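>>> Build me a model:
(chains A, B, C and D)
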2 protein chains.
Amino acid sequence: MAKEGLEGSESGYRSTEARRLIIGLLSSSDESLTADQIHDRLRKAHRKVGLATVYRTLKLMRNSRAIERIDVGDGTARYETAELRPEDHHHHLICRSCHRVRRYAQFSEEELDLMKRTEHSLEGRFGYQITGHRIYFEGICPECQAKQ
Amino acid sequence: MAKEGLEGSESGYRSTEARRLIIGLLSSSDESLTADQIHDRLRKAHRKVGLATVYRTLKLMRNSRAIERIDVGDGTARYETAELRPEDHHHHLICRSCHRVRRYAQFSEEELDLMKRTEHSLEGRFGYQITGHRIYFEGICPECQAKQ
DNA sequence: GTGAATGCAAAGACTTTGCAGCGAT
DNA sequence: ATCGCTGCAAAGTCTTTGCATTCAC
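Coordinates of the predicted model:
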């Protein structure tokens, strides 16, 4: 009843190994993954899944709002589990050097409150119907700092 | 002395019509533009500039920090003038439907202050060296609302 | 005049799609 | 036994690159 994703029998989708593996990978990672990274990890785990299947599964999960796609500027899309509930809300730390995307979820009441008010004000100002926001902090990750 | 971009003679870059036109387009737009949109607008203005030149110019301007690249999830990069000075800082309104990216610059002291504090806290928490942030508000633009 | 910039076409990188066979229900 | 799912390869986008020509300095 809790996390339905693509598993629900009423969804019309079949539960295949490829799909279970991919959602498993994304759920257990605090980093966003590219299609290629997912493909690689499945290979290394000796689960042969074609790259096309990875893309098709990602698209499917995206359509059903189970995951989200992120583009950070290196020309390759990254995927992460969606924010299904308010408590899933998170922000991102992007490394300018290696493009790694780290998620983090702890932020203040103050911030949530401010964002809410800002969204409201934007709706009035520009006529947009605001559905959410994304905050990306950019910087250099510890690993890349060490390399320099 | 003010806005140097690629114009400065000391930059080593030549001032060509294509470059002047492209930076002009980006400077005067409050929307981010794709390479193709830039190419189209130049054609319509009867300035024939090859798409490859557009890409090359954008890359050049990006390297010299005159513009920035934004990816919003439709697989096509968009470009906008960079935040050279603190007062250029702005946020984005992204339309989930047509992917248009609108910039806006008016935000509160409260927000700036909160972001500064958050950046500081993140540096301590995750060891990242934070260099900035991006805030994207997502929603449906007035035009797309009307179409629905 | 010289080397950078351009246009065109070819090549690349990432993603999607067509089709025959496999597999979940 | 269906009809969706998969793998492979071919086709599509968007972007970059090679090369001869043109142009800014």
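>>> Could you check how many residues crowd around A:M115?
Counted by other CB atoms under 10 Å in any protein chain shown, the residues lying close to A:M115 total 20. Backbone N, C-alpha and C define where each C-beta goes, glycine included.
>>> Next, count neighbours for A:R103.
A:R103, neighbours per other CB under 10 Å, totals 16.
>>> Would you enumerate the residues in contact with it?
A:30-32, A:80, A:90-93 (CB atoms under 8 Å, 6 or more residues apart in numbering or on different chains).
>>> ok, now A:G127?
Contacts of A:G127 by CB under 8 Å, 6+ apart are B:141-142, B:145.
>>> got a winner among the residues you listed for most neighbours?
Going by other CB under 10 Å, B:C141 tops those with 22 neighbours.
>>> so that one sits right up against B:R100, yeah?
Yes. Between B:C141 and B:R100 there is a contact under CB atoms under 8 Å: 5.8 Å.
>>> Please enumerate the helices of chain A.
A:17-27, A:35-44, A:51-63, A:109-126, A:142-147 (DSSP state H).
>>> These: which one's closest to DNA strand C?
helix A:51-63 (3.2 Å; CB to the nearest atom of the strand).
>>> ok, and what's touching that closest one?
A:5-6, A:13, A:18-19, A:22-23, A:35-36, A:38-39, A:42, A:67-69, A:79.
>>> restrict the residues you listed to those near DNA strand D?
For DNA strand D, the contacts drawn from the contacts of helix A:51-63 by CB under 7 Å from any atom of the strand are A:13, A:18-19.
>>> Can you redo those residues as TSV, where the extra columns are neighbour count and distance to chain B?
As requested, these are exported to TSV (neighbours: other CB atoms under 10 Å in any protein chain shown; distance: CB to the nearest CB, whole Å):
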residue	neighbour count	distance to chain B
A:Y13	16	22
A:A18	16	23
A:R19	21	22
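>>> Now tabulate those in CSV and tack on distance to DNA strand C and pLDDT.
Formatted as CSV, these follow (distance: CB to the nearest atom of the strand, whole Å; pLDDT from 0 to 100):
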residue, distance to DNA strand C, pLDDT
A:Y13, 8, 82
A:A18, 9, 92
A:R19, 10, 94
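>>> hmm, back to that, now list the buried members of the contacts of helix A:51-63.
By neighbour count, with 16 or more other CB atoms under 10 Å in any protein chain shown, these hold A:5-6, A:13, A:18-19, A:22-23, A:35, A:38-39, A:42, A:67-69, A:79 as buried.
>>> Determine which two of the contacts of A:R103 are furthest apart.
Greatest spacing in the contacts of A:R103, by CB to CB: A:E31 and A:H91 (13.6 Å).
>>> Comparing these two, which residue is more hemmed in?
Neighbours were counted for A:E31 and for A:H91 using other CB under 10 Å; A:H91 has more, 20 against 14.
>>> Now do the contacts for the closest residue to the more buried one other than its chain neighbours.
Sequence neighbours aside, A:I135 is the residue nearest to A:H91 in space, at 4.4 Å (criterion: CB to CB, 6 or more residues apart in numbering or on different chains). Going by CB under 8 Å, 6+ apart, A:I135 touches A:91-92, B:133-136.
>>> Quickly list what A:I135 is bridged to.
B:I135 (DSSP bridges).
>>> Return the residues of chain A in contact with DNA strand D.
Selection of chain A residues close to DNA strand D by CB under 7 Å from any atom of the strand yields A:13-14, A:16-19, A:48-50, A:52-53, A:56-57, A:75.
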